[in-house]
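Peer 1: Mind folding the following:
(2 chains)
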2 protein chains.
Amino acid sequence: MTLTRRDFSRLAALGAASQLVPSSVRAQSDQKKIGYAVIGLGRIAGHFMPGTRNTTNSQITALVSGHRDKAEKIAAQYNIPAGSIYSYENFDEIAKNPAVDAVYVALPNSMHAEYTIRAAKAGKHVLCEKPMATSVEDCEKMIAACKAANIKLMIAYRCHYEPTNLRAIKLIRDGAIGQVQTIQSAFGFNIGKGEWRCSKALAGGGPLYDVGIYSLNACRYLTGEEPDHIAAYASTIDHDGRFNEVEENVSWTMHFPSGIVASCSTTYGANMPGYFHVYGSKGYIHVENAFVYQGLHLHANLSGKEIDEPNPSKDPSQFQAEAEHFSHCIQNNLEPQSPGEEGLRDMQYIAQIYKAAGINS
Amino acid sequence: MTLTRRDFSRLAALGAASQLVPSSVRAQSDQKKIGYAVIGLGRIAGHFMPGTRNTTNSQITALVSGHRDKAEKIAAQYNIPAGSIYSYENFDEIAKNPAVDAVYVALPNSMHAEYTIRAAKAGKHVLCEKPMATSVEDCEKMIAACKAANIKLMIAYRCHYEPTNLRAIKLIRDGAIGQVQTIQSAFGFNIGKGEWRCSKALAGGGPLYDVGIYSLNACRYLTGEEPDHIAAYASTIDHDGRFNEVEENVSWTMHFPSGIVASCSTTYGANMPGYFHVYGSKGYIHVENAFVYQGLHLHANLSGKEIDEPNPSKDPSQFQAEAEHFSHCIQNNLEPQSPGEEGLRDMQYIAQIYKAAGINS
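Peer 2: Model prediction:
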């Protein structure tokens, strides 16, 4: 259990950090807020930007978009000067903008590598959405570029900074359910036609890249271990034009060094609210809506004692927490809890799952 | 989907049968009840025997046990004459007992084959507990022996005759959740020390043989398909003497010909109430406590319409239903819905899972 406990220490420290940062930062209110340039003004940026408003250490100071009109509207809401709106063409000029300390990469997956590397070259820290990239090679290039530029790289794994997920980890590490034996986790949704996430070139792959990665990552942080064996199947049932490039379903099973086994599913063909169920020798932990922005619910049996903990937090609290954490790391020269290496590992496991399922990734 | 619909027709017919048998049998109240010899007076026989009391077509007429005292006490409760109590040594004399039409094999797994074959040679029909045996070869011998003796063989898959499971199957076949994409199922418990189920010689294997088989079988009746690919891992974490011969945990994933994928877990190291979750393009079906004797609960979302159906039935209603079905088949010369071939198939898949997990079975 050495690995488990060590890994947890990281997470626990992080958990503490994510909750303590606001007050510690408030105590240093003279410290300059970290200014973020948001790259890509799509759905998820629409959660991140309001999330920063609730922090005391982060603010939006620039926008990068291919749609000037859209960018100008958002700029007005965040008091961003016209000179701090960039296109993808003139993005590199951001290097000269002292109001920008970091970028938030909220682009389609295949563009994460390019913009992370360009931001690093511009001397800006990078908070990059998951999945980190569309290939292991790209993840490695991103890490190397950020190291070379001496800037920080964090992958936006919201759940690493989310109280209900951290509560589940802490219960497990504290032995509240005894020795963990098995984990089941799933996450999926019924995707619409024409989504960029159904383009292999843009997304890298199907639901595993987008939502299955939450189950994969959860099994790792819940066990505090790295899987040593992975088996998987993938399939496409609905031939309605959505799945010409990426698979519809993936089911996989993992074995961890301690002997814990996990079984997971993901789909783009059914609404499957994210959950994880962890079963141990002395009880279990169920978290429903485990990977969404709000409505998380933990139910557990700890040696016969039932606990029921709905999480009242509302969106965008998870985005607030991840921004606070990264800004805190930048301000204090700390390594983020979910660095590039964390995203790289998931990408390596995704490649293994695809290989096991017979998909060329 | 031809297979699916055909298989369902069998199950639906059965579902109807299991519910209609009592009244149809009542209508023929002059028909002689089927007399059962119960072989093995352990835990599960203690559910089956009271179950027959609620039927109109089945009764306990003989007992087979190594413990004469225990057998005599039970015989008194069921008005069984002393001459109808057998030991394992003189069991074959049951051939001469006209009060015995069938046997119920409720012995440790490794003894199922011997007593099924001996019962067949004695000219008695056989209702055999699951798992059917401890090897594919034994299952084949059992089927051959029953065919040669022209007697009926049914494997006691309770869930095939259980209303909540049948309701889930019907909802799926009726298209209430659209195209099924993924299934997750699990079942396990924390086994005590010294149980015969931890003996490889008696049990054949670990939790997969005993409780994991419910998830395996459920994935087959829920899809109406046979898995064409299976991958699996097994492990033992607790080295406390319980798992010297059989594994503690198994996690496996299956691919079905239509493309449906399933992920399943079983354990002897954690209390993991049996469930299945079926996700389709138009909704989902969750059944909790899916494989136990009572307390089954179906919750579903059917194209946005939520349904919640707790099953009020109490133990031993499931044993009543399976006894009624088998007796009905004997009385009317019908093939049971869960014949030996059904048990053989699960044993073949169990062998595949063990092979995939690197266990010599």
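
Peer 1: What backbone torsions are found at A:Y354?
Peer 2: phi -60, psi -40 (degrees, to the nearest 10).

Peer 1: so how far is the helix or strand hosting A:V250 from its chain's centroid?
Peer 2: Per DSSP states H and E: A:V250 is located in strand A:249-255. Offset of strand A:249-255 from its chain centre (Cα atoms, centre = their mean, to the nearest Å): 20 Å.

Peer 1: quick one: strands adjacent to it?
Peer 2: Its sheet considered, strand A:249-255 pairs with strand A:229-235 (antiparallel), strand A:261-267 (antiparallel) by DSSP bridges.

Peer 1: Which of those has the highest mean neighbour count?
Peer 2: With neighbours defined as mean count of other Cβ atoms under 10 Å in any protein chain shown, those peak in mean count at strand A:261-267, which reaches a mean of 31. In this view, the C-beta of every residue, glycine as well, is placed from N, C-alpha and C.

Peer 1: Turn the strands paired with strand A:249-255 into JSON lines, columns for mean pLDDT and distance to B:P81.
Peer 2: Shown next, in JSON lines, are the strands paired with strand A:249-255 (pLDDT from 0 to 100; distance: least, Cβ to Cβ, whole Å):
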{"stretch": "strand A:229-235", "mean pLDDT": "98", "distance to B:P81": "56"}
{"stretch": "strand A:261-267", "mean pLDDT": "98", "distance to B:P81": "51"}
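
Peer 1: Same list (these) but as JSON lines, adding distance to A:C159.
Peer 2: Formatted as JSON lines, these follow (distance: least, Cβ to Cβ, whole Å):
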{"stretch": "strand A:229-235", "distance to A:C159": "20"}
{"stretch": "strand A:261-267", "distance to A:C159": "15"}
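
Peer 1: For B:L298, find the nearest of those.
Peer 2: strand A:261-267 (19.9 Å; Cβ to Cβ).

Peer 1: what distance separates the closest one from the centre of its chain?
Peer 2: Chain-centre distance of strand A:261-267: 18 Å, with Cα atoms, centre = their mean.

Peer 1: Alpha carbons of that strand, as CSV, please.
Peer 2: Extracted in CSV, the C-alpha atoms of strand A:261-267 (Å, rounded to 0.1, in the frame of the first residue of the first chain):
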residue,chain,number,x,y,z
VAL,A,261,-9.8,-4.9,-10.3
ALA,A,262,-12.0,-2.3,-12.0
SER,A,263,-14.6,-2.5,-14.8
CYS,A,264,-15.7,0.5,-16.7
SER,A,265,-17.9,1.6,-19.6
THR,A,266,-18.3,4.6,-21.7
THR,A,267,-20.7,5.5,-24.6
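
Peer 1: I'd like the next helix or strand past that strand.
Peer 2: Using DSSP H and E, the first helix or strand after strand A:261-267 is strand A:269-280.

Peer 1: got the CA positions of the helix or strand following that next one in PDB?
Peer 2: Next helix or strand after strand A:269-280 toward the C-terminus (DSSP H and E): strand A:283-288. Output in PDB follows, covering the C-alpha atoms of strand A:283-288 (Å, rounded to 0.1, in the frame of the first residue of the first chain):
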ATOM      1  CA  GLY A 283     -18.100  -1.300   3.200                       C
ATOM      2  CA  TYR A 284     -18.700   0.600   0.000                       C
ATOM      3  CA  ILE A 285     -18.700   4.100  -1.500                       C
ATOM      4  CA  HIS A 286     -21.100   5.100  -4.300                       C
ATOM      5  CA  VAL A 287     -20.800   8.400  -5.900                       C
ATOM      6  CA  GLU A 288     -23.500   9.300  -8.400                       C
END
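
Peer 1: How about the contacts made by the closest residue to A:A122 other than its chain neighbours?
Peer 2: Excluding the flanking residues, the one nearest A:A122 by Cβ to Cβ, 6 or more residues apart in numbering or on different chains is A:A95, at 3.7 Å. Shown in contact with A:A95 (Cβ atoms under 8 Å, 6 or more residues apart in numbering or on different chains): A:121-124.
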